[in-house]
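A.B. asks: Build the 3D model from these lines:
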Amino acid sequence: MTAPPGVRSSRAVRSHGTKGGNHLLVQIPTVMRSPCRGRSNHSHVWTNIHPVLGRLTEDDVRVDGARIRMNARADAGKLRGIIVGGKSTVNYGSDFLRPRSLARAALSVGAIYVVGSLIGFVQRVVVTSQFGAGAEYDAFNTAFRIPDLLYSLFASGALASAFIPVYMTHLAQERRRAAWRLVRAVAALVFAVLSVFAVAAGALAPLLIRAVIAPGFSPAQVELTASLMRIMLVATVIFGVSGLLMGVLQSNGAFIAPALAPWLYNLGIIFGALALRGWGAYGLATGVVAGAMLHLAIQLPALVRVWRASQPATDTESPAAPAPHLSSSNTQHAIRNTQHATSDLRADVRQVVRLMLPRMVGLGAVQINFIVNTNLASGMGEGAVSALAIAFAVMLLPQVAIAQAMATVLFPAISAHAARGERDEFARLVARAIGMVFMLSLPASIGLILLGQPLIRLLFERGAFDWQDTQAVSFALIWYGAGLAGHSVLEVVTRGYYALKDTTRPVVLGVAGMTLNVILSLWLTGVFRAAGVFPFGGLALANTIATAIETAVLLGLLAARVPQLSVSRMLAAAGRSALAALGMGLGLWLWLSALGDGPLATVLAVPAAAAAYFALAWLARSEEARDVIGYALRLARSRRLGPAESA
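C.D. replies: This is a model prediction of the structure:
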């Protein structure tokens, strides 16, 4: 077995015992940089990689051409050292490619999202205590629609789903300068496009509100909504750039700063509600802009660290690196290389735009659903728009902590597998993620349905938010909560398509789902009205049904495209989770029947229900639940004993 030039042999990998445990030491030929370490380590030095990867021996190392594969044992995961052009780099995110490691990473990110969700709850409590579900808050929620539409279309999910696979392709090929050129070009494009559309939307705001978004609003509400929209359009432009940076950081394994960014956004809104309360809804809109600026600012230090860590010691990738005494032939060669790099950059940007276009149509369909709901709800009495908005936001809190955390960690990993054509690994990760999402979202869905009203009363009922508002919001939450699992699984399934650079199928199904949602909304609101209950409950139920059907069809088509993805195994895992969730729901109903739904009983019901669920899931042999329990026990043990004893 012959090692690549610059690497002595497979003996270049050895295990070294230290006080903190076994450390993997890798000898590298030139320079290795990593976002985890920051500074470079120069030629032929032993570099400490990670304290918990376990022992490696010669048997764990395989040299294949210009690539060294180093496979650690047990929980060590997989570490790849790729030698390209005389340089050595280590992909620190590769340990996340293991299904159990992926779950642990998602749980860690999810923990940050849980705290962020709590801050979001505080934000909702602060805002609703001042505005209730009245006309002014209706105007604020309605003013969000166009800015949110623009952000969703030109940034957010559309940009990430198109940008990350193209960006990850450059990282996998060690073309880091090309990757950063792509970042700069896409950032400039997003900023320019969003600025143009924001100015146009601001100019047409009154017309859009009267004719499209909220025709049931009074002239005073239209004027207020238009003014709030113009302020919040500034935040849309900022979010466009910030959303791109989130994708860059996540692709480089830096998940913390993007996960913390929503904290600061919510804190900005809280600032606007409290410090600028004299401004009314204008204070809230100003808080949205302040939160967007903080959302961007917290990511900049992490971006600088990632950028510095990715810079090579020598500018071997630069097509036009200056050199003294260039000859005429060298100058012509540099010019050709520059032209070639420019052509490649344009091709990359075109590919990002081409992948974005179908996704934009799909997200546009989602936003049309929201606009249709707002349009219909605006004619259902004062507070209907806000009741739907608050209930949907409450449903999103567990959805963010469960599904978006998993999707955040999953997407770069499956994009790397898809780029290398590793369909078995791709399918294993997607199936594992879907099972984990089912395991966590099903009990949360039942919890929202049974505990919705006491939780809304406990969290929101104060100030201008009264008992009637609690009834309206909790009623909508019942029907939105029933769709939590569908919304959560959809996050993972669509990431599978985007990793395969297929944005067309999700769009086609998204448009079909939007059409079905509109039809169901028109029908179910009439059914609910005839039944003598809040008619906007039909809007929430229509959203749940349409999302469930869209998710099921997309999952079936993905399994047909990737035969290694076993739908039967995923359904079996979901069935075990559903059985445990139903048992938990029965216990929760008995709890509320015996103890009532007062504040203390409601607070204690949450951990009691969680404990009952995981116990039942363990008995049902849910592999995902056992992984979560095992990870929690190992984490508790490591914190109790310290790193030396637990290693």
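A.B. asks: where exactly do the strands run in this protein?
C.D. replies: 13-18, 21-27, 46-48, 61-64, 67-71, 78-84, 87-90 (DSSP state E).
A.B. asks: how far does stretch 547-559 sit from the chain's center?
C.D. replies: 19 Å (Cα atoms, centre = their mean, to the nearest Å).
A.B. asks: Can you pull up the most central residue in the protein?
C.D. replies: Closest to where the C-alpha atoms of the chain average out (Cα atoms, centre = their mean) is Q404, at 3.8 Å.
A.B. asks: Surely it touches E491?
C.D. replies: Yes. Look at Q404 against E491 with Cβ atoms under 8 Å: they come within range, at 6.1 Å. C-beta here means a position set from N, CA and C on the backbone, and glycine is covered the same way.
A.B. asks: dump the residue contacts of R423.
C.D. replies: 417, 562, 564 (Cβ atoms under 8 Å, 6 or more residues apart in numbering).
A.B. asks: what about the residue nearest to the centre of the chain, distance to A160?
C.D. replies: Distance, Q404 to A160, by Cβ to Cβ, to the nearest Å: 11 Å.
A.B. asks: likewise P398?
C.D. replies: For P398 relative to A160 (Cβ to Cβ), the value is 21 Å.
A.B. asks: give the contact list for R462.
C.D. replies: Neighbours of R462 in contact, by Cβ under 8 Å, 6+ apart: 125, 129.
A.B. asks: Against P599, how distant is it?
C.D. replies: Taking Cβ to Cβ, one finds R462 at 12 Å from P599.
A.B. asks: Same check on S488?
C.D. replies: From S488 over to P599 (counting by Cβ to Cβ), the distance is 28 Å.
A.B. asks: Going by how many neighbours each has, rank the two and give me the top one.
C.D. replies: A count of neighbours by other Cβ atoms under 10 Å puts S488 above the other of S488 and P599, at 30 against 10.
A.B. asks: wait, doesn't the more buried one sit right on V400?
C.D. replies: No. Assessed by Cβ under 8 Å, S488 is found out of contact with V400, at 9.6 Å.
A.B. asks: What's the local residue count around I269?
C.D. replies: I269 has 26 nearby residues by other Cβ under 10 Å.
A.B. asks: got the contact list for it?
C.D. replies: Contacts of I269 by Cβ under 8 Å, 6+ apart are 123, 127, 284, 287-288, 291.
A.B. asks: Over to Q130?
C.D. replies: 273, 277, 463-464.
A.B. asks: any idea how far the closest residue to L500 other than its chain neighbours lies from L410?
C.D. replies: Nearest non-adjacent residue to L500, counting by Cβ to Cβ, 6 or more residues apart in numbering: A418, 5.2 Å away. For A418, the distance to L410 equals 12 Å [Cβ to Cβ].
A.B. asks: just V222 next, same as before
C.D. replies: 43 Å.
A.B. asks: So the two - more neighbours on which side?
C.D. replies: Set V222 next to L410 and count neighbours by other Cβ under 10 Å: L410 wins out with 28 against 21.
A.B. asks: For this protein, give me the ranges with low pLDDT.
C.D. replies: 1-107, 132-134, 152-158, 172-174, 310-343, 635, 638-647 (pLDDT under 70).
A.B. asks: check contacts around the nearest residue to L442 once chain neighbours are set aside.
C.D. replies: Closest residue in space to L442, ignoring its immediate chain neighbours: A581 at 4.1 Å, by Cβ to Cβ, 6+ apart. Neighbouring residues of A581 by Cβ under 8 Å, 6+ apart: 442-443, 445-446, 613.
A.B. asks: ditto for V241
C.D. replies: V241 neighbours (Cβ under 8 Å, 6+ apart): 187, 190-191, 296.
A.B. asks: what's the farthest-apart pair in those?
C.D. replies: Farthest pair in the contacts of V241 (Cβ to Cβ) is V190 and L296. Separation: 12.5 Å.
A.B. asks: shouldn't A143 be in contact with M229?
C.D. replies: Yes. Between A143 and M229 a contact is recorded at 4.2 Å, counting by Cβ under 8 Å.
A.B. asks: got the residue ranges for the helices in the stretch 401-550 of the chain?
C.D. replies: All helices of the stretch 401-550 of the chain, identified by DSSP state H, counting those that start in this stretch, fall at 405-419, 423-460, 467-481, 484-499, 504-530, 536-561.
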